[in-house]
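Sequence and predicted structure are below.
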Amino acid sequence: MPEHDTTPRLCVHATRCVHAAECRETPIPVLYSTVLNGFVLFMIVCSSHVSGQELAVVDRATLVQSFTFTTPAKLVSSWPASWSDGWLQVHTTTTDSQLPEWTHRLTTLPIEIEQALAIKLANANIRLVVLANETEFDHYLKKNFPGLPKRRALFVQNRGPGLVLTYMHSDWLTDARHECTHALLHASGIKLPLWLDEGLAEYFEVESTEKGSHPIHRYAVASQLRYGQVVQIEDFEQSQNATSLSPKEYRDAWSIVAFLLNHNDEYKQALQAYIEDLRTGAAAGLLSRRLPAKSRSNWRDDYLQYYRSQSMGFRVGTR
């Protein structure tokens, strides 16, 4: 597999709310119909952008989107290749013989999430569609999801198994891990604040066991900290109803999750308990208020200490 793509990545949420009556009645090619036919969709769209540029952030959809597809009543799947591997159902148009090996590496993701967050995920069968190239992917999205901004991966949630769509590129496995994290958490009914939803997806998209060391974010965080710019959870909680995140906020959300899960047990257990309450529907309140008083007062020093201890190639300090 190609080395990790260091192109800056940005996750955004689709804003387009479409009523069924407004939807184009475009038949889906037989190749994809068995995957999408009859879905009620809620879209979480994640992507990359051109190096050195930042895309405008698109607002998150707040309503379930209903799409009606006109397809024959009975269709037989004609994917060039399909297989099941644990919780994954893989469909692809690529003939790359290594794809089964690469997708198999995704199968440990639920265990990683459960161990890190101390939760039990619901049993879910997630459908992963890997198209052969960007051209095919773009053509498919334009035909079946007209109006969506161009993205290189997306998660579609329906009333049954989730659907993750992407295409073969140098960093597709990272994108797939990100979207599958969304899919697994949403399938378990965990209603996360937007910032934490994305912070967790950014955290678990890293395949390395060194989860606190993101190949892209860590350098930007180090640069911020050289000027004493410490992220506070309250920064996000003051805008709990935000419908979008800026590129910096994606990075900051990752940095909070990485810090909470890796600095010490007090922080980790506070996050774990908060997510468990969200999973069970208990009154979770605000995450910042779940932290012990000592941890809240020591947040800045602890945050700086944690990122100073990381091997980032930068000297991190206060201004």
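Good, I have the coordinates.

moving C-terminal of the least confident helix or strand in the chain by mean pLDDT, what's the next helix or strand?
In the chain, no helix or strand scores lower on mean pLDDT, DSSP states H and E than strand 65-66, which sits at a mean of 30. Where DSSP states H and E defines the elements, the next helix or strand beyond strand 65-66 is strand 81-85.

T166 contacts V129, correct?
Yes: with contact defined as C-beta atoms under 8 Å, T166 and V129 form a contacting pair (7.3 Å). In this view, the C-beta of every residue, glycine as well, is placed from N, C-alpha and C.

Show me which parts of stretch 133-149 are buried, residue by residue.
With burial defined by 16 or more other C-beta atoms under 10 Å, the residues of stretch 133-149 counted as buried are F137, Y140, L141, N144, F145, L148.

What confidence value was assigned to R152?
Looking at R152, its pLDDT is 90.

isn't it right up against T174?
No: when contacts are counted by C-beta under 8 Å, R152 is not listed as touching T174 (10.5 Å).

pLDDT weak spots in this structure?
In the predicted model of the chain, residues 1-77, 158-161, 209-211, 311-319 satisfy pLDDT under 70.

quick one on the thing from earlier: could you pick out which of the buried residues of stretch 133-149 are located in helices?
If you go by DSSP state H, the buried residues of stretch 133-149 have F137, Y140, L141, N144 in helices.

Which one of these is nearest to S239?
Nearest to S239 out of these is L141 (C-beta to C-beta; 29.9 Å).

From what I see, the closest one and R152 are in contact.
No: contact criterion C-beta under 8 Å: L141 and R152 do not qualify, at 10.2 Å.

domain ranges for this protein?
As assigned by automatic domain parsing, the chain contains the domains 9-189, 217-308.

Turn those domains into JSON lines, columns for distance to V206.
Listed next are the domains of the chain as JSON lines, based on distance: least, C-beta to C-beta, whole Å:
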{"stretch": "domain 9-189", "distance to V206": "7"}
{"stretch": "domain 217-308", "distance to V206": "9"}
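
Can you tell me which of those domains is nearest to L196?
Nearest of the domains of the chain (C-beta to C-beta): domain 217-308, 6.9 Å.

first to last residue in the closest one, what's the distance?
End-to-end distance of domain 217-308 (C-alpha to C-alpha, to the nearest Å): 14 Å.

Equivalent analysis for stretch 80-97, please.
With C-alpha to C-alpha, one end of stretch 80-97 sits 12 Å from the other.

which other residues reach that stretch?
If you take C-beta atoms under 8 Å, 6 or more residues apart in numbering as the criterion, stretch 80-97 is touched by 31, 35, 77, 79, 99-100, 103-104, 106-107, 110, 123-132, 136, 161, 168, 180.

Okay, and which of these map to strands?
Residues of these located in strands (DSSP state E): I126, R127, L128, V129, V130, L131.

Relative to L185, which of those residues is nearest.
I126 (11.3 Å).

can you pull the contacts of that closest one?
Contacts of I126 by C-beta under 8 Å, 6+ apart are W87, L88, Q89, P161, G162, L163, V164, C180, A183, L184, A187.

Please apply the same query to A132.
Contacts of A132 (C-beta under 8 Å, 6+ apart): T92, T93, T94, T95, Y167, M168.

I111 too?
Contacts here follow C-beta under 8 Å, 6+ apart; on that basis I111 touches nothing.

quick one: it from A258, how far?
Separation of I111 from A258 (C-beta to C-beta, to the nearest Å) stands at 19 Å.

what about the strands in this protein?
9-12, 40-48, 65-66, 81-85, 88-92, 126-131, 153-157, 163-167.

beta partners for the residue nearest to H186 when sequence neighbours are not counted?
Closest residue to H186 apart from its sequence neighbours, by C-beta to C-beta, 6 or more residues apart in numbering: Q157 at 5.3 Å. Q157 forms beta bridges with F42, as assigned by DSSP bridges.

tally of neighbours for Q157?
Q157: 19 surrounding residues under other C-beta atoms under 10 Å.

Settle this for me: it is touching E179, isn't it.
No: between Q157 and E179 there is no contact under C-beta under 8 Å: 10.5 Å.

thinking in terms of the whole chain, how far from its middle is stretch 170-189?
Stretch 170-189 has its C-alpha centroid displaced from the chain centroid by 5 Å (C-alpha atoms, centre = their mean, to the nearest Å).

repeat for stretch 162-180
Relative to its parent chain, stretch 162-180 has a centroid offset of 9 Å by C-alpha atoms, centre = their mean.

now the end-to-end length of that stretch.
9 Å.

Can you mark which positions in it are buried?
For stretch 162-180, by 16+ other C-beta under 10 Å, it's 162-169, 171-180.

now swap in stretch 259-272 and tell me
F259, L260, L261, N262, H263, Y267, K268, A270, L271, Q272.

now do stretch 113-129
Neighbour counts using 16+ other C-beta under 10 Å place I113, A116, L117, I119, L121, A124, I126, R127, L128, V129 of stretch 113-129 among the buried residues.
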